[in-house]
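Trainee: whatever this is, show me its structure:
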Amino acid sequence: MNWFFEKENTGDRGREWGFSQSAMIPVLLPNERLKIGIEMEYKNVTTKDTRGDPLNSFVIGPTVAWKPTASTRIDISPLFGCTDDSPVADVFVAFSWLFGGERGEAEAEAPVSSRFRYLSKVSRADKNADKEMKQVAPPPCPEWYGDNEWNVNLFGTYAFTNTEYNPNLWLVDVVQSTSEGNPVLGTYDHYIGGDHAWGGGGDIKYFFHRYFGVGIEGFALDASKNGFDIFEDPTVPIFTTNKINHDHTIGAVLGTLTLRYPIPCTRFAPYAWAGAGAIFGGGERDILHTQGPPDAFAVHAQTDHFGSETKVLGQFGAGLEFRIARHIGWTNDLSFGVIDGPKNNFGMVRSGLSPTLPKTSSGLTAPKSFGVAEVERPQPGGAGCGYTSLSERLVSSLHQRSGRCSRNVDKQSTGVIPSCTDKCQSRSDRGTSHKLIDHTNNLRVTLARCVRPFSRDCGIRMTRVYC
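Mentor: Just a heads-up that it's a prediction; the model follows:
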């Protein structure tokens, strides 16, 4: 058993004490090269303000020690919390290099959880966050997805039909079955035709909130459909059968609604969408008409050909987007299309790049030299005063109170702002808080929010600003 006690004499005067214990037994390998057992650790942590309400952490779990060579050792101890203040799990991994030769007698080692405490010691906040801690706050996660985004997606696509592709290619049997009143044409997709098609497309979406958006989608497929041309007249006699291909380009246009969930602190965002529109360019048909006895070689037969048609299309699917950069994403999804009519449905796999158009944060354009605002020293006539600027319409003060902006505007045609001494002596501006403004994007947005409501009428050209 290993006991420990630590106390800080400055700062929050943190105090930590506890113990760790492990019990191990050698198994399988000689010279204790493999040992298994159990390990536990208890810690009591307080600060100067929480002496009566300590943080009690108790973890326990299995431990394994393995010596791959006579001079090296690996210890692994996954310990699991048993109290409210304990972590869910603490996993300790230690690699040791042993000096000297391997000995046959038993070896003793300190528990892994306390062997390197000076390297792994960290302060943890309790569940009420009222105990003073030293843990450094992690930096904020980058925002890969935002509100008011325009997304343009260019993708390649592979479409596969939902109907088994097994057409009847024996045209004599087609004539015979048709003459008997039961045409045997086989099974195939009635709109796309073949069992698959390749193509591409694009869409443009506007996400007025990062979680949902609307858009327009379009795609085109290079497809082919089997057909036939049969003519028979036994009185001549003539009997011709020709297999033909209806090579066509199928297109579709849809309006879509997209729902997505950007996973916090990651570049991934799963999404789902649904849309409705029209599909065109497919659906050619070849219909055989027969007249006469049910005999393939004694019947009059003629083929009628029908061209492409436009149908209503509904589509829904789901996928995953990965942001390669802030304004470039990679999308992959699977969807299912439903076309009006029997044996027309199809699936579609898409993959493509999705550039995001950057948005403008405000309507105010700052001067090119806009950096840290220059603050003039207060005039002797009053505290916090000092204004120097040229503008067609003059701003007397611009300040921020509790996150909201207010303004006072003195309208003049032209000229230099009067000395603030007069305003201070008249107590018209006394009590206004003035401070140096940092050169940050937040400054630009804040000033834009303040000035935008009246900049349109005043034509402001700021050189020095108080806020």
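
Trainee: where does the closest residue to K311 other than its chain neighbours land on pLDDT?
Mentor: The shortest distance from K311 to any non-neighbouring residue, by Cβ to Cβ, 6 or more residues apart in numbering, is to D340 (4.5 Å). (C-beta placed from N, C-alpha, C; glycine too.) Reading off the per-residue confidence, D340 sits at a pLDDT of 85.

Trainee: tell me the buried residues in the host helix or strand of T240?
Mentor: Using DSSP states H and E, the element containing T240 is strand 238-260. In terms of neighbour count (16 or more other Cβ atoms under 10 Å), strand 238-260 has its buried residues at F239, T241, H246, H248, I250, G251, A252, L254, T256, T258, R260.

Trainee: that one pairs with which strands?
Mentor: Sheet partners assigned to strand 238-260 using DSSP bridges are listed as strand 212-233 (antiparallel), strand 268-282 (antiparallel).

Trainee: closest one to Q21 among those strands?
Mentor: Taking Cβ to Cβ as the measure, the strands paired with strand 238-260 were each checked against Q21, and strand 268-282 came out nearest at 42.5 Å.

Trainee: can you list the weak-confidence ranges in the stretch 301-450 of the chain?
Mentor: 358-450 (pLDDT under 70).

Trainee: please repeat the previous calculation with a cut-off of 50.
Mentor: 360-450 (pLDDT under 50).

Trainee: now the stretch 51-200 of the chain
Mentor: Counting by pLDDT under 50, the ranges of the stretch 51-200 of the chain that qualify are 119-134.

Trainee: now the terminal residues of stretch 138-158, how far apart.
Mentor: Between the opening and closing residues of stretch 138-158 we find a distance of 43 Å, counting by Cα to Cα, to the nearest Å.

Trainee: quick check: buried residues in that stretch?
Mentor: With burial defined by 16+ other Cβ under 10 Å, the residues of stretch 138-158 counted as buried are W144, Y145, E149, N151, N153, F155, T157.

Trainee: out of these, the closest to S354 would be?
Mentor: Distance from S354 was checked for each of the buried residues of stretch 138-158 by Cβ to Cβ. The minimum falls on N153, at 4.3 Å.

Trainee: list the contacts for that closest one?
Mentor: Under the criterion of Cβ atoms under 8 Å, 6 or more residues apart in numbering, the contact list for N153 reads G202, D203, I204, K205, T331, G352, L353, S354.

Trainee: residues in contact with the third one?
Mentor: Spelled out, that is I204. In this structure, I204 makes contact with W150, N151, V152, N153, G215, I216, judged by Cβ under 8 Å, 6+ apart.

Trainee: and which of those residues is nearest A318?
Mentor: Minimum distance to A318 across the contacts of I204 is 14.8 Å, recorded for N153 (Cβ to Cβ).

Trainee: tell me which helix or strand the closest one sits in.
Mentor: Per DSSP H and E, N153 falls inside strand 149-161.

Trainee: quick revisit: any chance of CSV for the buried residues of strand 238-260, columns distance to H327?
Mentor: Supplementary listing: the buried residues of strand 238-260 in CSV, determined by distance: Cβ to Cβ, whole Å:
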residue, distance to H327
F239, 65
T241, 58
H246, 42
H248, 37
I250, 32
G251, 29
A252, 28
L254, 25
T256, 21
T258, 18
R260, 16
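
Trainee: returning to that earlier point: for ChimeraX, write the selection for the buried entries among the contacts of N153.
Mentor: Those of the contacts of N153 that count as buried under 16+ other Cβ under 10 Å are selected in ChimeraX with:
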select :203,205,331,352,354
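
Trainee: burial count for the closest residue to F268 other than its chain neighbours?
Mentor: The spatial neighbour of F268 that comes closest, neighbours along the chain excluded (Cβ to Cβ, 6+ apart), is F322 at 5.8 Å. Burial measure for F322: 15 neighbouring residues, criterion other Cβ atoms under 10 Å.

Trainee: what sits against F322?
Mentor: F322 is in contact with R267, F268, G329, W330, T331, counting by Cβ under 8 Å, 6+ apart.

Trainee: same list (the residues you listed) but as a markdown table, adding secondary structure and distance to E16.
Mentor: Rendered in a markdown table, the data for the contacts of F322 read as follows (DSSP: H, G, I helix; E, B strand; the rest coil; distance: Cβ to Cβ, whole Å):
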| residue | secondary structure | distance to E16 |
| --- | --- | --- |
| R267 | coil | 38 |
| F268 | strand | 39 |
| G329 | strand | 47 |
| W330 | strand | 47 |
| T331 | strand | 50 |
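
Trainee: now, which of these sits nearest V27?
Mentor: Distances from these to V27 were compared by Cβ to Cβ; the smallest belongs to F268, at 42.7 Å.

Trainee: wait, what's in contact with that closest one?
Mentor: Residues in contact with F268 (Cβ under 8 Å, 6+ apart) are P262, L320, E321, F322, R323.

Trainee: partners of the fourth one in the sheet?
Mentor: Looking back up the chat, that one is F322. Under the criterion DSSP bridges, F322 forms beta bridges with F268, W330.

Trainee: can you tell me how far it is from C141?
Mentor: Summarising the geometry, the distance separating F322 from C141, computed by Cβ to Cβ, to the nearest Å, is 16 Å.

Trainee: ok, now the last one?
Mentor: Computed as Cβ to Cβ, the R323 to C141 distance reads 13 Å.

Trainee: what's the answer for the first one, then?
Mentor: For P262, the distance to C141 equals 10 Å [Cβ to Cβ].

Trainee: picking that back up, tell me the contacts of the residue nearest to K311?
Mentor: If you count contacts by Cβ under 8 Å, 6+ apart, D340 has them with K311, V312, L313.

Trainee: wait, which of these is closest to E8?
Mentor: Taking Cβ to Cβ as the measure, E8 sits nearest to L313 out of the contacts of D340, at 69.8 Å.

Trainee: is it true that that closest one touches I279?
Mentor: Yes - using Cβ atoms under 8 Å, L313 makes contact with I279 at a distance of 4.1 Å.

Trainee: mutual contacts of these two, please.
Mentor: Between them, L313 and I279 share the neighbouring residues A252, G337, I339, with contact defined by Cβ under 8 Å, 6+ apart.

Trainee: state the phi and psi torsions of the second one.
Mentor: With angles defined as degrees, to the nearest 10, G337 shows backbone torsions of phi -110, psi 140.

Trainee: can you check the one 3 residues further on too?
Mentor: Its backbone dihedrals place D340 at phi -60, psi 130, with angles given as degrees, to the nearest 10.

Trainee: going forward, count from 5.
Mentor: OK, 5 is where the count begins now, so the last one is D344.

Trainee: thinking again about what came up before, of the contacts of D344, closest to R77?
Mentor: With Cβ to Cβ as the yardstick, the closest approach to R77 among the contacts of D344 comes from L317, at 65.7 Å.

Trainee: so who does the closest one touch?
Mentor: Contact partners of L317, counting by Cβ under 8 Å, 6+ apart, are A256, L258, A280, G281, A282, I283, G341, V342, I343, D344.

Trainee: let's see that with 10 Å instead.
Mentor: Applying Cβ atoms under 10 Å, 6 or more residues apart in numbering to L317 gives the contacts 195, 256-258, 279-284, 341-344, 348, 350.

Trainee: separate out the buried members of those.
Mentor: For these, burial is judged from neighbour counts taken by 16+ other Cβ under 10 Å, and it is met by Y195, A256, L258, G279, G281, I283, F284, G341, I343, N348, F350.
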